[in-house]
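Student: Whatever this is, show me its structure:
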Amino acid sequence: MRENQNIRNIANEILELQESIYEYINTNRYQADLIRDLSVWNQICSSLDVISDTTMAILSYCTGTYPNDKGLQYIYTYGLLQSLFIQQDAVKNLTKAFGQDYEISDELKQIRNIRNSAIGHPTYEPVKKNVYYTYLSRNTLSKNGFSYMRSSGNGEDVFHDVNVEEILEAQLLGVLEKYKYISDVLKKADEEHKEKYKEILVVDIFPSSMSYSFQKVAQGICSPEKGNVSFGGSMLESIERTYRSFEKELMDRNELQGNESLKYDLDQYFHAIDKLRKYFNNQAEGMTERDARVYHYYIKEKHSHFVKIAEEYDEEYLS
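Tutor: Model (predicted):
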């Protein structure tokens, strides 16, 4: 069997769609929810790995050299059919992990039946009230397929011819159909999430008067007359309220869950604000004016970093 380009194209589509699923589950706002239930998270990750691995196995079977040794021919045939079986299970478990119903197609069910009869339970396969026994024809083993006889307890013998190329194409088409469905479900969920917030610009949380607030905080530090200290303290409170609103907006969008870097930056920012508040209230023992200037410089300069993050979120939600 020479490489079937159609099989290659279908496999490439599967792997491309898999990347879109990986992108979804690795997005912080969704990953945090998925990881809360480690059973679900592990089921998703394990299923994705198995589907990728078995797709690679199928492609290698198609492009590789089929052995002349009869023992290895059995190994190749057994391995291929088992790969198809566990790939189907992985697709089913992936679908269910995302909370979707799964129903196997007739084409995939037939492939499953071939595996069960030929290599899964060949010596004793109970089906309803009958038991079947399978004989795989050694002389028919080839890269292109094989034949087997299925005998029942009532003396009935049925011969089956398996075309490997046909079942591989049917298998991958079935996997592709399920992947498209899952990808569409996740894409719709992402669109609905963004639609909910797209009219609210995160960057609008930061008023244009922020530079004035930073200026007055600096004035309260450098020119510590009573009025300047009081007004500088009130401007510091205004800055903190703005950043609490920023933090809440990101939490509402589930953007802080799992984003340890951003959470750390915000914690550092609030720490600097708290230090300045204590300074204005004469509660920062040992803290000098120079120290206060350093903290002020930090919150003033770090502000542009958070504005940029807000703009990036707005761009993503509006895209």
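Student: now for the longest helix along the chain, which elements pack on it?
Tutor: What stands out as the longest helix in the chain, according to DSSP state H, is helix 164-197. The elements that helix 164-197 packs onto, with contact taken as 3 or more Cβ pairs under 8 Å, 6 or more residues apart in numbering; DSSP states H and E, are helix 5-25, helix 28-36, helix 38-63, helix 70-97, helix 106-115, strand 145-152, helix 289-318. Bear in mind the C-beta positions are built from the backbone N, C-alpha and C, glycine included.
Student: can you do 7 Å?
Tutor: If you count contacts as 3 or more Cβ pairs under 7 Å, 6 or more residues apart in numbering; DSSP states H and E, helix 164-197 packs onto helix 5-25, helix 38-63, helix 70-97, helix 106-115.
Student: Glu285: which of the ones you listed is closest?
Tutor: Nearest to Glu285 among the helices and strands packed on helix 164-197 is helix 38-63 (45.1 Å), distances taken as Cβ to Cβ.
Student: Out of the helices and strands packed on helix 164-197, which gets nearest to Leu256?
Tutor: Evaluated with Cβ to Cβ, those place helix 5-25 nearest to Leu256, the distance being 17.6 Å.
Student: circling back: same list, the helices and strands packed on helix 164-197, but as a markdown table with mean pLDDT and distance to Lys300 please.
Tutor: Compiled in a markdown table, these are given as follows (pLDDT from 0 to 100; distance: least, Cβ to Cβ, whole Å):
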| stretch | mean pLDDT | distance to Lys300 |
| --- | --- | --- |
| helix 5-25 | 94 | 36 |
| helix 38-63 | 96 | 40 |
| helix 70-97 | 97 | 46 |
| helix 106-115 | 96 | 61 |
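Student: Now render those helices as JSON lines, adding mean neighbour count and distance to Asn144.
Tutor: Listed next are these as JSON lines, based on neighbours: other Cβ atoms under 10 Å; distance: least, Cβ to Cβ, whole Å:
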{"stretch": "helix 5-25", "mean neighbour count": "16", "distance to Asn144": "13"}
{"stretch": "helix 38-63", "mean neighbour count": "17", "distance to Asn144": "11"}
{"stretch": "helix 70-97", "mean neighbour count": "18", "distance to Asn144": "11"}
{"stretch": "helix 106-115", "mean neighbour count": "17", "distance to Asn144": "15"}
